[in-house]
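S.K.: sequence isn't available, so here's the structure alone:
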């Protein structure tokens, strides 16, 4: 664009030819007529396009309005159906509990059923099972003759007989399903329509002994329908598969109980399967309406939602009116605009001529304001354009460098003022030959004053050329600084990891003829504590001092690099034996351990050093670095403040942990994919000491390796925590255990251990909520066990997470209390629900000088704060007696039960006398 404007400017100064008067006149006539016709045609086409577009948009919006209303109805029906599927499942679950009670009590004949299930205690049991389920009617028991023998509603029961009911006759005959679901009938008690759920009861030999039933009145359904945000004139109803309308909102007494089985709309809905949506004529009022229906999974009941078409299209009709008005206004605006444009065309033509003159002036200003120097030469190598930036850049005289100046004269003037060094004629000849190919060229000129100047030039079609000149001195300095930063650490100015690898590759290439070198990985001990307690400024100053001391120790016998954070690396070259390395290590420790003053703070520090020798420990770059890193971690594992040479056992240990991690990942993937595999969750009962009743079970992960057999959690859990796999593993255990516990008796809680690593992920609360939601387990039945390690670091964040869990109703237990950094401040800052006493204290209670006093203290503290205490590892009766004397609340151990599989724990919990089963 610059060159185009320059050339136009050049030609307008007199180099272009004059235009003939006749040609100019013809162009003016064409200017007046051609654009006007084009504008009128374009305007007409635009108005037509607006009309067509408005119609198409209106049709599109109509379809979208219908589709939107249909999706809203489908979502409403889906929500309602899922809700009532869950409610009906709960209802059938209560009936299942009654059947299970009869089986466990040995009631297997009509005589035992009539005598044992008609008492007051059974009435109380039925009322207890219905607590919290107020959306359904009473639970009723009928004998084989249809007489009511017990009920959760009243005691004594009313004299009622249902032997004449169709559902009773079908169940007694045994020629239908065992369960009659949502049978619509008129209640003999309330006189209202009722959805009946009845189940056939049989004796030990399969004979019919009675029926257990529950009724759900439509008013309970309609109360839920009323809570939904339905649109205007929308209707939601519940209809039996036989066509009987069970419930409707808004309620209409004329509709409830009506049978619509013969209507085409209802027949089409049934033919569509479990779910359908469409446009039907209402069988009630004959109105055109959108309808969505879905059959419940657990009952022969349809949920139907409808909205009139006139309501669904109301907003669309309003929008269409606005669109038509808008289109009409747009057409008027276009017509008026065309008239104004035609009037302005002539005026604009005259104004354009004046603007062209002003642009010429602006172009001169822009060229002289450029940050680049600009030159334009003609075919005779004479200057056409030169801006002020070029003259200032080289310190030239504007009296010499002006239009008409020859290229050679310009170079001679540059030599005169000292901005050019070399032979003038040779430079001009080489420049001309280079530019002759017509391609763009670039070269960097180094001026005597040290500046770097970049020259860009290209031959033009008429034989001349254009040149631009950008002082790139500062840019080159910046590039050099960037290059330095890419290879050197910004804080210590030591080689960084990139340059360290490059230099190490060069050292590896020199190996041979007995040459050796050593790699030393250095990790500054307790550096994080200094950073956290004194701030990053002190930490940075410490790293700079350490870097200087390391560089002074190594000198010319190798090189030092900073790998990041508080990790440094030293390469010691030209060594003859390990003694040379030990001598350097001694110097390094002497330098590192010297006290230093950092911004007024007197500090001492130390380091852990890992050493790998080449070629003894390898000749591959990554292999040597890995071996040095393993040696450093071995030094840290041995208590820090020491050094270790790499040994093959270190690699073997790392490989073993890696293989264990791989096997654990495979096992987790298999059990998550197939539902079974090497990983299995066992459950150990928690027993109330006072009542000897099982109040909960702790989930314990077990791993039976296909080759190594049972692997202790103490071996694979630390690996999972180190690699981060504990988050996936813990989530699977939590979800699986919650799903299992949901089938236990409602008074039995589930305890799940949570790793400190899971707390750091900041997703624990979401995982708990998801597990509870997927399993249906109430939050009050879940208890999470944590150790004190969760609270040692970043306890504010951990306490915030614990409060979030408490807010959703989950219980929190403090595990292994007293074995670590036990602090009473934890009990003060967070009200735990339970404290678990470690098995080591339980084992040492009975001997002289035992731990009874410690257990007593924990029990006393817990009792004062209304916390439960659970003793772990109870294995003998004397231990149990002592715990009972000390006031401990719960116990857990082999005296009562080992950890059991899911199937065994279900069998245990289902036993009539759980305490006997445990013993």
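M.R.: Cool, got the structure. Keep in mind that what you see is a predicted model, and the values were worked out from it rather than measured.
S.K.: now the helices for the stretch 801-919 of the chain?
M.R.: For the stretch 801-919 of the chain, applying DSSP state H, counting those that start in this stretch gives helices covering 824-829, 839-843, 852-864, 877-886, 902-910, 914-918.
S.K.: point out the most buried one among those.
M.R.: Of all these, helix 839-843 carries the top mean neighbour count, a mean of 19, counting by mean count of other CB atoms under 10 Å. For glycine as for every other residue, the C-beta is placed from the backbone atoms N, C-alpha and C.
S.K.: from the chain's centroid, how far away is that helix?
M.R.: Here helix 839-843 is found 42 Å from its chain centre; the criterion is CA atoms, centre = their mean, to the nearest Å.
S.K.: again, but for stretch 200-215
M.R.: On CA atoms, centre = their mean, the centre of stretch 200-215 falls 51 Å from the chain's centre.
S.K.: which parts of it are buried?
M.R.: Buried positions in stretch 200-215, judged by neighbour count with 16 or more other CB atoms under 10 Å: 200, 201, 202, 203, 208, 209, 210, 211, 212, 213, 214, 215.
S.K.: also stretch 650-666?
M.R.: Using 16+ other CB under 10 Å as the burial criterion, the residues of stretch 650-666 that qualify are 650, 651, 654, 657, 660, 661, 663, 664.
S.K.: just the ones of those in helices?
M.R.: 650, 651, 654, 657, 660, 661, 663, 664 (DSSP state H).
S.K.: picking up where we left off before, which one of the buried residues of stretch 200-215 is nearest to residue 548?
M.R.: The closest of those to residue 548 turns out to be residue 214 (CB to CB; 83.8 Å).
S.K.: now the helix ranked longest in the chain against helix 902-910, angle please.
M.R.: Identified as the longest helix of the chain according to DSSP H is helix 21-105. Angle, helix 21-105 to helix 902-910, by axes from the mean of the first three to the mean of the last three CA atoms, to 10 degrees: 50 degrees.
S.K.: so after helix 21-105, what's the next helix or strand?
M.R.: helix 110-116 (DSSP states H and E).
S.K.: quick one: contacts of that next one?
M.R.: 102, 105-107, 122, 143-144, 149, 201, 203, 207, 209-210 (CB atoms under 8 Å, 6 or more residues apart in numbering).
S.K.: in the stretch 601-750 of the chain, which spans are strands?
M.R.: 601-603, 607-614, 643-645, 679-688, 694-705, 709-711, 749-753 (DSSP state E, counting those that start in this stretch).
S.K.: what packs against the first one?
M.R.: In this structure, strand 601-603 makes packing contacts with helix 536-554, strand 596-598, judged by 3 or more CB pairs under 8 Å, 6 or more residues apart in numbering; DSSP states H and E.
S.K.: what sits up against that strand?
M.R.: Residues from elsewhere that reach strand 601-603 (CB under 8 Å, 6+ apart): 530, 534, 538, 542, 595, 596, 597.
S.K.: sheet-wise, list the partners of it with their directions.
M.R.: Paired strands of strand 601-603, with direction, are strand 596-598 (antiparallel) (DSSP bridges).
S.K.: how about the strand it pairs with: buried residues?
M.R.: Of all the residues in strand 596-598, those buried under the rule 16+ other CB under 10 Å are 596, 598.
S.K.: now it: average pLDDT?
M.R.: Strand 596-598 carries an average pLDDT of 86.
S.K.: contact partners of it?
M.R.: By CB under 8 Å, 6+ apart, strand 596-598 touches 534, 538, 541, 542, 545, 602, 603, 604, 605.
S.K.: quick one: low-confidence parts of the stretch 151-300 of the chain?
M.R.: Within the stretch 151-300 of the chain, the ranges that satisfy pLDDT under 70 run 175-183, 188-193, 218-222, 227, 229-230, 232, 298.
S.K.: could you turn the buried ones of the contacts of strand 601-603 into a PyMOL selection?
M.R.: To isolate the buried members of the contacts of strand 601-603 in PyMOL, using 16+ other CB under 10 Å:
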select buried, resi 530+534+538+542+596
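S.K.: export the contacts of strand 601-603 to a markdown table and tack on distance to residue 517?
M.R.: Formatted as a markdown table, the contacts of strand 601-603 follow (distance: CB to CB, whole Å):
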| residue | distance to residue 517 |
| --- | --- |
| 530 | 32 |
| 534 | 36 |
| 538 | 34 |
| 542 | 28 |
| 595 | 32 |
| 596 | 29 |
| 597 | 34 |
